[in-house]
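Asks: coordinates for the following, if possible.
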Amino acid sequence: MATTRRRPPRRRVWPKIRLLLLICVVAAGATALYPVWKAANPDPPELTVRYRTDTPDTAEVAKPSIEVLNDSKKPLPLADVTLRYYFTADGDSPYAFNCVQAAVGCSNISGTVTKLDKSAEHADHYLELRFTQAAGTLKPGGNSKGIDVQLFRADHKELDQSNDRSFDGEKTTYKSSKTVTAYKRGVLAWGDEPDSGGEKGASAKASAAPAPVPDAPAGVLFDNFNYTGAKDPALFKHGWLVRSSKGGPGIDDTWSADGVTFPGEKDALAEGQVLNLRASTDGTKSGTRQASLGTASREFRSGTYAARIHFSDDPTEGEGGDHVNQTFYTIGGSGKTYSELDNEYLPNGGWGRLGPKLDTVSWYDHESNDRVYTTTNKSLAGWHTMMITVKDDVVTYRMDGKKLFTSSGKYAPRSGMSVNFNHWFVDLPFKGDRAWDMKVDWLYYNAKDVLTVKEVDTAVKEYSDNGMNYFDTVQASR
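Replies: This next block holds a predicted model:
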């Protein structure tokens, strides 16, 4: 006898359907509420930025000091990190930056000043700091330790920091700061970006990771002279000495730091700053000031020396005619190791010889005046790239890529030397107040390679484009 399959009662199906609907409703609600919950319970940050300063609201220089802490459980390459310090620009002057000191090395830090697309409350610009691979990696829980930088107007006028978003004069010791933002491979990882009318002044969304900052090449010194003045601590930390000691050349005992300044210059690299050496006089020894800046170390010998220099045929102030000497030279050793290589421009001549003229001189012995040289007899007023190359005991002098002179044999350097820029008076035949200016845009030295002027210019532009205002890997490469 056939049996008939009985359908289950409907009352057994509907409870299951109702349960399924309830689960869907709860899931949908949870999905809708998740962003609210997530905002209230964010993931712990991968890194923390701490900040301090020692400047008041009104100051000649902003001095933010920053630390990066790795709060994650993974190593954090500093090259993945970008920092932004927000401020409101005062006036139309460009802003400049330098690194005073950093545990990771100022040679491994780049900095650029950028204008926001839209101004926000207390911010229309930011200083962006980035790191090379050589800056290293922070271990979990690690600290970059202090990164001390300076931010200032190129015209060196005072800053009003009271309306700068990232400035906090009460933080004189390191404390976390959400107004200094940090990005990891282009994604906001710390801090609060400035709000511009309901829009973010800088995108908080994931963006393409910026191109890495290239490591500073080994055996190279580069400086484009972004400094606040002769007493800037960064100037000394970067290995420069402003001369104020007694002695010659020129008018003895008249060397003064007053003539060493770093003004903004529209013709400078990236319209930045230059080193300005002012030689001034009223025609008397007591009224004379000569200017000099040189490296403290004497570690330079073979390789390529290059500097972009503005020579002057006329004084900036007063009557002309002085026997001034505008000099880019190297010097070191003593006795049997004495070494000196000179570029000396004398717009009005000197020592009984007429100008304008450039002497390129290789020395063997200063006391016996044992030297070889050549003279270029023409005006050099304006900007020129001056180069000295040393290889296999051959010294070659060039200007704007054109060879001027070659010396060799015993006239090649026999020791490490310092690099110097001097501006001085040969004598004082005239009376009356006048002042002469010699400008230097940048210095480049490569201990390993002999380069062409085109190769130097390409390297210098690359450094500038990447915000690498200064680095020194010469000593580390030896």
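Asks: domains in the chain, by residue range?
Replies: The record's domain parsing of the chain by automatic domain parsing lists 47-200, 220-477.
Asks: so how far is Tyr85 from Gln475?
Replies: Distance from Gln475 to Tyr85, counting by Cβ to Cβ, to the nearest Å: 30 Å. Any C-beta I mention is one placed from the backbone N, CA and C, and that applies to glycine too.
Asks: sorry, slip of the keys, the one I care about is Val395.
Replies: Remark: distance between Val395 and Tyr85 (Cβ to Cβ) = 45 Å.
Asks: who has more neighbours out of the two?
Replies: When Val395 and Tyr85 are compared on other Cβ atoms under 10 Å, the one with more neighbours turns out to be Tyr85, at 28 against 22.
Asks: if the more buried one is in a bridge, with which residues?
Replies: Residues in a beta bridge with Tyr85, per DSSP bridges, are Leu127, Val180.
Asks: wait, it sits on Ala123?
Replies: No - using Cβ atoms under 8 Å, Tyr85 is not in contact with Ala123; the gap is 9.7 Å.
Asks: contacting residues for Gly105?
Replies: Contact analysis of Gly105 by Cβ atoms under 8 Å, 6 or more residues apart in numbering lists 134-135.
Asks: hmm, try it at 10 Å
Replies: Counting by Cβ atoms under 10 Å, 6 or more residues apart in numbering, Gly105 touches 99, 131-132, 134-136, 216, 471-473, 476.
Asks: let's have the residues you listed in TSV, adding neighbour count, secondary structure and pLDDT.
Replies: Shown next, in TSV, are these (neighbours: other Cβ atoms under 10 Å; DSSP: H, G, I helix; E, B strand; the rest coil; pLDDT from 0 to 100):
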residue	neighbour count	secondary structure	pLDDT
Cys99	25	strand	98
Phe131	25	strand	97
Thr132	22	strand	97
Ala134	19	helix	96
Ala135	23	helix	97
Gly136	19	coil	97
Ala216	23	coil	96
Phe471	24	strand	97
Asp472	22	strand	97
Thr473	20	coil	97
Ala476	12	helix	60
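Asks: any weak-confidence spans in the stretch 151-300 of the chain?
Replies: For the stretch 151-300 of the chain, applying pLDDT under 70 flags the ranges 196-208.
Asks: let's see that with 50 instead.
Replies: Scanning the stretch 151-300 of the chain for pLDDT under 50 picks out 198-206.
Asks: need the strands for it, in chain order.
Replies: 159-160, 175-176, 180-184, 187-190, 195-196, 199-200, 220-223, 240-242, 260-261, 275-281, 291-295 (DSSP state E, counting those that start in this stretch).
Asks: out of those, nearest to Ala62?
Replies: Among those, strand 159-160 comes nearest to Ala62, with 5.8 Å by Cβ to Cβ.
Asks: other SSEs contacting that closest one?
Replies: When contacts are defined as 3 or more Cβ pairs under 10 Å, 6 or more residues apart in numbering; DSSP states H and E, strand 159-160 packs onto strand 58-59, strand 147-153.
Asks: point out the most buried one among those strands.
Replies: With neighbours defined as mean count of other Cβ atoms under 10 Å, the helices and strands packed on strand 159-160 peak in mean count at strand 147-153, which reaches a mean of 23.
Asks: put the alpha carbons of that one into CSV.
Replies: Extracted C-alpha coordinates of strand 147-153, given in CSV (Å, rounded to 0.1, in the frame of the first residue of the first chain):
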residue,chain,number,x,y,z
ILE,A,147,65.2,66.5,14.9
ASP,A,148,66.0,70.2,15.4
VAL,A,149,65.1,72.4,12.5
GLN,A,150,64.8,76.2,11.8
LEU,A,151,62.2,77.9,9.7
PHE,A,152,62.6,81.6,8.8
ARG,A,153,61.9,84.3,6.3
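Asks: how far off centre is that strand?
Replies: Mean C-alpha position of strand 147-153 versus that of the full chain (Cα atoms, centre = their mean, to the nearest Å) differs by 10 Å.
Asks: packing partners for it?
Replies: Strand 147-153 sits against strand 65-70, strand 81-87, strand 95-102, strand 109-120, strand 123-131, strand 159-160, helix 233-237, with contacts defined as 3+ Cβ pairs under 10 Å, 6+ apart.
Asks: between the ones you listed, which one is closest to Arg185.
Replies: strand 81-87 (8.7 Å).
Asks: quick one: that closest one to strand 147-153, angle?
Replies: 40 degrees (axes from the mean of the first three to the mean of the last three Cα atoms, to 10 degrees).
Asks: in strand 81-87, which residues are buried?
Replies: For strand 81-87, burial by neighbour count (16 or more other Cβ atoms under 10 Å) applies to 81-87.
Asks: gap between the spatially most central residue of the chain and Asp54?
Replies: Nearest to the geometric centre of the chain sits Asn469, at 2.3 Å (Cα atoms, centre = their mean). Using Cβ to Cβ, one gets 22 Å for the distance from Asn469 to Asp54.
Asks: same question, Met417
Replies: Applying Cβ to Cβ to Met417 and Asp54 gives a distance of 37 Å.
Asks: could you do Thr452 as well?
Replies: In this view, Thr452 and Asp54 are 45 Å apart by Cβ to Cβ.
Asks: what segments of the stretch 351-478 of the chain are strands?
Replies: 357-365, 370-376, 382-391, 394-399, 402-408, 418-425, 434-446, 470-472.
Asks: looking at those strands, which is nearest to Ser245?
Replies: Closest among those, using Cβ to Cβ: strand 418-425, at 12.7 Å.
Asks: I'd like the average pLDDT over that closest one.
Replies: The predicted model assigns strand 418-425 a mean pLDDT of 98.
Asks: could you dump the contacts of Gly105 to TSV with distance to Gly320?
Replies: As requested, these are exported to TSV (distance: Cβ to Cβ, whole Å):
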residue	distance to Gly320
Cys99	40
Phe131	49
Thr132	47
Ala134	49
Ala135	49
Gly136	54
Ala216	42
Phe471	39
Asp472	38
Thr473	42
Ala476	45
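Asks: which of those sits closest to Gln326?
Replies: Set against Gln326, the nearest of these by Cβ to Cβ is Asp472 (24.9 Å).
Asks: give me the nearest residue to that closest one, chain neighbours excluded.
Replies: Spatial nearest neighbour of Asp472, excluding adjacent residues (Cβ to Cβ, 6 or more residues apart in numbering): Leu221 at 4.7 Å.
Asks: right, and Val180 touches Thr82 too?
Replies: No - if you go by Cβ atoms under 10 Å, Val180 and Thr82 don't touch, sitting 11.3 Å apart.
Asks: got any residues that touch both of these two?
Replies: Leu129.
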